[in-house]
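A.B. asks: Make a model of this:
(chains A and B)
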2 protein chains.
Amino acid sequence: MTVDLAPPFPGEPARSSVKTAVPGPKSEALRARHQRHQDARTVHVYQDARRSVGNYLVDVDGNELLDLYGHIACVPIGYNHPDLTAAWKDGRFDWLMGYRPALGVAPPPEWVDLVEGTLMAVAPSGHTKVLTVTTGAEAVENAIKAAFAWKARRRRGGASWTDEDARLAMLNAQPHTNDMQVISFEGGFHGRTLGALSATRSKAIHKIDFPAFDWPVVPFPANRFPLADHTAENQAAEARALQSIEDLLVRDGQRVAALIVEPIQGEGGDRHASPEFFRALRALLTKHEVAFIVDEVQTGAGATGTFWAHEHWGLPEPPDLVTWSKKFQLGGVHLREEFMPAEAYRIFNTFLGDPLRAAQFRIIHDVICRDRLVEHTQRVGAYLLEQLSELVTRFPATFSQPRGQGTFAAIDARDGATRDRLLHDLRQRGVEAGGSGDRSIRFRPALVMAARHVDEAMQLFADSARAVG
Amino acid sequence: MTVDLAPPFPGEPARSSVKTAVPGPKSEALRARHQRHQDARTVHVYQDARRSVGNYLVDVDGNELLDLYGHIACVPIGYNHPDLTAAWKDGRFDWLMGYRPALGVAPPPEWVDLVEGTLMAVAPSGHTKVLTVTTGAEAVENAIKAAFAWKARRRRGGASWTDEDARLAMLNAQPHTNDMQVISFEGGFHGRTLGALSATRSKAIHKIDFPAFDWPVVPFPANRFPLADHTAENQAAEARALQSIEDLLVRDGQRVAALIVEPIQGEGGDRHASPEFFRALRALLTKHEVAFIVDEVQTGAGATGTFWAHEHWGLPEPPDLVTWSKKFQLGGVHLREEFMPAEAYRIFNTFLGDPLRAAQFRIIHDVICRDRLVEHTQRVGAYLLEQLSELVTRFPATFSQPRGQGTFAAIDARDGATRDRLLHDLRQRGVEAGGSGDRSIRFRPALVMAARHVDEAMQLFADSARAVG
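C.D. replies: Presented below is the predicted three-dimensional model:
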């Protein structure tokens, strides 16, 4: 089946339509039930899973919302893509019907095909191994663990651990290990399990009352836009950030196992740095023997106009570990050969991912390749950026800082209160959008967003700016 | 559809059969391919997902193995149960075909039904809330976080945090928080993310080179069997363990947010304590205002002859938080009302579980209820224990310590080398089994194991003991 996706996505409505307040009465009735057992205050709307299509989230009140948020960047090829539903109906996932395997114990041969044919087909250049898990946080936890194992072995001059090390490990008292650190950036988000959370620096609500490892935080450049108007300022910010990392490594490099960074800070407010910055960072980490972990949980799988966002950097040497989840439907880490622990069972867990979600990703990946959705997203992204800049020109008191790579884009509102008012108003007009940082609106659409969806969004943003901006 | 499951499971072979060495040539060829990109050394065999049925794992070489291990306790109602495959074929999961939702953003109404009708239907007595995640490690991480939030608020006399607390949180430098601890037991296993791993105390290979929080470990009673022959010794061990916990709490109780314990230590070697021990533990933790987390990741969903293993204890007051995964097909935490953080977004992540796996668990739960599989497992478990005791009587130089609750059972080999030899030999005879601790063989069959499977297993264990024991 071949589908011309750009545009139209088969079955998509001509445009969004709103019948009730958003969320509507049916959503609110569900929230009241849901709240009895789970925290439902975070829910935007309850979604009609079957009727949602392409770029349009249909909610239980029948509102058809243009979705720019994509379940926090998790929808790769739109809702109910015909290839995905056909694969299900045609029985391509039937080998997964009857139990959930522990993939490290007795995987089916189909798993080996998925690893070889799909997960390794998207491996970053220079990466030969892949760890599979279920979520972004688990991906980060495992990347960090692999980096610690690598650094510890280097610090021992390549030797294995001693019996005394093993004894101390059982007491949480390995002195040279507890001493090791992971550097992360102000504004970075890497997940919420206690290891990943120790590297997360986006919002206090994520971290308050939870113990954290004594790991250092360094400033992120957070370039100002448009870039051409802020060259000197941005270069100075990047130089300061690099200097602060270098100072830390010169002082304490033996303790630092890894540095983790998002190509574009997502949760932290869509903050960017230049390819030059990342190339200099890569060189600095190589020099000090620190693992370079690029966290592509939110940027991976095409949204920035390349499959991996770090492809934009032109690195002479690849990242050491790359974490991913969201659009992939499961979680994982790609890594260079030398970062794979030598001993079995060091990086291990019961499920080691989910073959059903990986099988769905195979279909998604096939569609991305066949329909050239990464290149498509690059083109639509360029158009989106142009239109966001135009919006800022028209509404300078409301909007600023248009920025993005591909359709992974954002715009700032005047302040947090204005942003929140705009998000609420946009929903009433038929746009599902979400915030990032303290005042940004983030764009995380599916890769099937086309120019007409950009036009529709921009018109509704303009209406919203006039009404509540 | 009604199926008489005990026995026979429709389509099950009369008994195991072995055609090649196990693993056979096809498994080894797959391992060679798999090893190029993942660590495949841990794989027992590659499994034919479609042909496996009931209690029999069929591998790619056509060997039909009686499965006592169940993918590390993850197979609830046997392979390819007709209700599970019928639900798939009949379209009961079709609302899940077209995308994977972020359940905290825009869940479908079916999710609310699953929470109410299935996840809360199995809630431990006294529990009103449920957090959903994807794995056991994430369940433990979130239970621990909820306990920390609860304890921190108590230590502040019910007040919220200050701006200064929030500032320090962003620097990983909250003094009163980093000071807090979780107690766990020697031999306990709670997962491998860095928070969960700090509570894990089973094997050094899990912990070596990975930083850990400075949390205390206390002795586990590890009762000797048969119980009737070791009453005084076991009571003394339990008294010592309780005393050691009490000493710690008297000295440092304000720092301790939670204690986490498995009802039966799984990975650590199938170690048991008595209901009296757990009742005394509950009272001690209540007195010192420490959250009681019962980790039922491996014991939950019926294997011990009650739905939750902690039901065996007759607690006057329920556990505060109960973690689960494996047979549930996703992960989660049930909790008492007061342990749910008051503020939104403190316990949150992108996916918040997997509705497809939860929908499969609904079918599994329906089958468990309809076919009374928990009661069935209690009966089969009693028979299994009898037979394991008999095996020990017949082969006292090889086997000892028969023990278990329901079919969650184990037996010790003379030493680790003998255990490993037996496991290898058992596979050649048609039994898929796995170890726990340093010398135990653990039984983690599906709830559809019947008396005839016990008989078959015992005969093959006897053959194996004669050959290599």
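
A.B. asks: A:Ala87 versus the closest residue to chain B within the stretch 301-450 of chain A, what's the distance?
C.D. replies: In the stretch 301-450 of chain A, the residue that lies nearest chain B is A:Ala344 (4.4 Å; C-beta to the nearest C-beta). For every residue, glycine as well, the C-beta is placed using N, CA and C. A:Ala344 sits 34 Å away from A:Ala87, going by C-beta to C-beta, to the nearest Å.

A.B. asks: When those two are compared, which one has more neighbours?
C.D. replies: Higher neighbour count among A:Ala344 and A:Ala87: A:Ala87, with 21 against 13, using other C-beta atoms under 10 Å in any protein chain shown.

A.B. asks: Can you show me the strands along the stretch 101-250 of chain A?
C.D. replies: A:129-133, A:181-185, A:217-218 (DSSP state E, counting those that start in this stretch).

A.B. asks: closest to chain B out of the ones you listed?
C.D. replies: strand A:129-133 (5.5 Å).

A.B. asks: List the pairing partners of that closest one within its sheet, with orientation.
C.D. replies: Strand pairing for strand A:129-133, using DSSP bridges, gives strand A:331-335 (antiparallel).

A.B. asks: immediately after the strand it pairs with, which helix or strand?
C.D. replies: Counting by DSSP states H and E, the next helix or strand C-terminal to strand A:331-335 is helix A:355-370.

A.B. asks: Pull the contacting residues for the residue positioned nearest the centre of chain A.
C.D. replies: Residue closest to the mean C-alpha point of chain A, counted by C-alpha atoms, centre = their mean, is A:Gln298 at 0.9 Å. Contact partners of A:Gln298, counting by C-beta atoms under 8 Å, 6 or more residues apart in numbering or on different chains, are A:Ile72, A:Ala73, A:Gly136, A:Glu262, A:Ile264, A:Gly266, A:Glu267, A:Lys326, A:Phe408, A:Arg444.

A.B. asks: Can you lay out those as TSV showing neighbour count, distance to B:Thr304 and pLDDT?
C.D. replies: Formatted as TSV, these follow (neighbours: other C-beta atoms under 10 Å in any protein chain shown; distance: C-beta to C-beta, whole Å; pLDDT from 0 to 100):
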residue	neighbour count	distance to B:Thr304	pLDDT
A:Ile72	21	38	97
A:Ala73	26	41	98
A:Gly136	30	33	98
A:Glu262	25	44	98
A:Ile264	26	48	98
A:Gly266	26	43	95
A:Glu267	21	41	94
A:Lys326	29	37	98
A:Phe408	26	48	98
A:Arg444	26	44	98
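
A.B. asks: List the residue ranges of chain A that fall below the pLDDT cut-off.
C.D. replies: A:1-8 (pLDDT under 70).

A.B. asks: domain ranges for it?
C.D. replies: Annotated domains of chain A cover A:1-100, A:102-353, A:393-418+A:425-437+A:453-469 [automatic domain parsing].

A.B. asks: Nearest approach to A:Ala451 belongs to which of the strands of the stretch 101-250 of chain A?
C.D. replies: Among these, strand A:181-185 comes nearest to A:Ala451, with 33.8 Å by C-beta to C-beta.

A.B. asks: What segments of the stretch 301-450 of chain A are helices?
C.D. replies: A:355-370, A:373-394, A:416-429 (DSSP state H, counting those that start in this stretch).

A.B. asks: any idea which of those helices is most buried?
C.D. replies: helix A:355-370 (a mean of 21; mean count of other C-beta atoms under 10 Å in any protein chain shown).

A.B. asks: So is that one next to chain B?
C.D. replies: Yes - counting by C-beta under 8 Å from any C-beta of the partner chain, contacts between helix A:355-370 and chain B involve A:Leu356, A:Arg357, A:Gln360.

A.B. asks: Would you agree A:Asp320 is in contact with A:Arg282?
C.D. replies: No - applying C-beta atoms under 8 Å as the test, A:Asp320 and A:Arg282 come out as separate, 9.4 Å apart.

A.B. asks: which of the two has more neighbours?
C.D. replies: A:Asp320 (26 against 21).

A.B. asks: Just the element for the closest residue to A:Met180 other than its chain neighbours, please.
C.D. replies: Closest residue in space to A:Met180, ignoring its immediate chain neighbours: A:Ala257 at 4.9 Å, by C-beta to C-beta, 6 or more residues apart in numbering or on different chains. If you go by DSSP H and E, A:Ala257 is part of strand A:256-261.

A.B. asks: Show the contacting residues for the closest residue to A:Leu249 other than its chain neighbours.
C.D. replies: Spatially, and ignoring its direct neighbours in sequence, A:Leu249 is nearest to A:His288 (4.2 Å; C-beta to C-beta, 6+ apart). Shown in contact with A:His288 (C-beta under 8 Å, 6+ apart): A:Leu249, A:Val250, A:Gly253, A:Val256.

A.B. asks: Please work out how many residues are found near the first one.
C.D. replies: For A:Leu249, the tally of surrounding residues (other C-beta under 10 Å) stands at 20.

A.B. asks: quick one: contacts for it?
C.D. replies: A:Leu249 is in contact with A:Val256, A:Leu284, A:His288, A:Val290, counting by C-beta under 8 Å, 6+ apart.

A.B. asks: ok, now which ones touch the second one?
C.D. replies: For A:Leu284, the residues meeting the contact criterion (C-beta under 8 Å, 6+ apart) are A:Leu242, A:Ile245, A:Glu246, A:Leu249.

A.B. asks: same thing with A:Val218?
C.D. replies: A:Ile183, A:Ser184, A:Phe185, A:Glu186, A:Ala241, A:Ser244, A:Ile245, A:Leu248 are the contacts of A:Val218 under C-beta under 8 Å, 6+ apart.

A.B. asks: switch to 10 Å and redo it
C.D. replies: A:183-186, A:188, A:201, A:240-248, A:259, A:261 (C-beta atoms under 10 Å, 6 or more residues apart in numbering or on different chains).

A.B. asks: Kindly identify which of those residues also come near chain B.
C.D. replies: By C-beta under 10 Å from any C-beta of the partner chain, the members of these lying near chain B are A:Ser184, A:Glu186, A:Arg201.

A.B. asks: I figured A:His335 was touching A:Ala258, is that so?
C.D. replies: Careful, residue A:335 is Leu; it's not His. No - A:Leu335 is beyond contact range of A:Ala258, at 11.6 Å (criterion: C-beta atoms under 10 Å).

A.B. asks: Within reach of chain B, which of the contacts of A:Gln298 are there?
C.D. replies: Within these, those near chain B by C-beta under 10 Å from any C-beta are A:Ile72, A:Ala73, A:Gly136, A:Lys326.

A.B. asks: Among the residues you listed, find me the one that's closest to chain B.
C.D. replies: A:Ile72 (5.0 Å).

A.B. asks: Assign a three-state SS to that closest one, would you?
C.D. replies: helix (DSSP: H, G, I helix; E, B strand; the rest coil).

A.B. asks: Any residues of the stretch 251-400 of chain A in contact with chain B? List them.
C.D. replies: So the stretch 251-400 of chain A meets chain B at A:257, A:297-298, A:325-331, A:334, A:340-357, A:360-361, A:364 (C-beta under 10 Å from any C-beta).

A.B. asks: Show me which of those are buried.
C.D. replies: Buried by 16 or more other C-beta atoms under 10 Å in any protein chain shown: A:257, A:297-298, A:325-331, A:334, A:340-341, A:346-357, A:360-361, A:364, out of those.

A.B. asks: picking up where we left off before, which stretch among the strands of the stretch 101-250 of chain A comes nearest B:Gln459?
C.D. replies: strand A:129-133 (37.9 Å).

A.B. asks: ok, how many other residues are close to A:Arg255?
C.D. replies: 17.

A.B. asks: now do A:Glu337
C.D. replies: 9.

A.B. asks: give the contact list for it.
C.D. replies: So A:Glu337 contacts A:Gly126, A:His127, A:Thr128, A:Lys129 (C-beta under 10 Å, 6+ apart).
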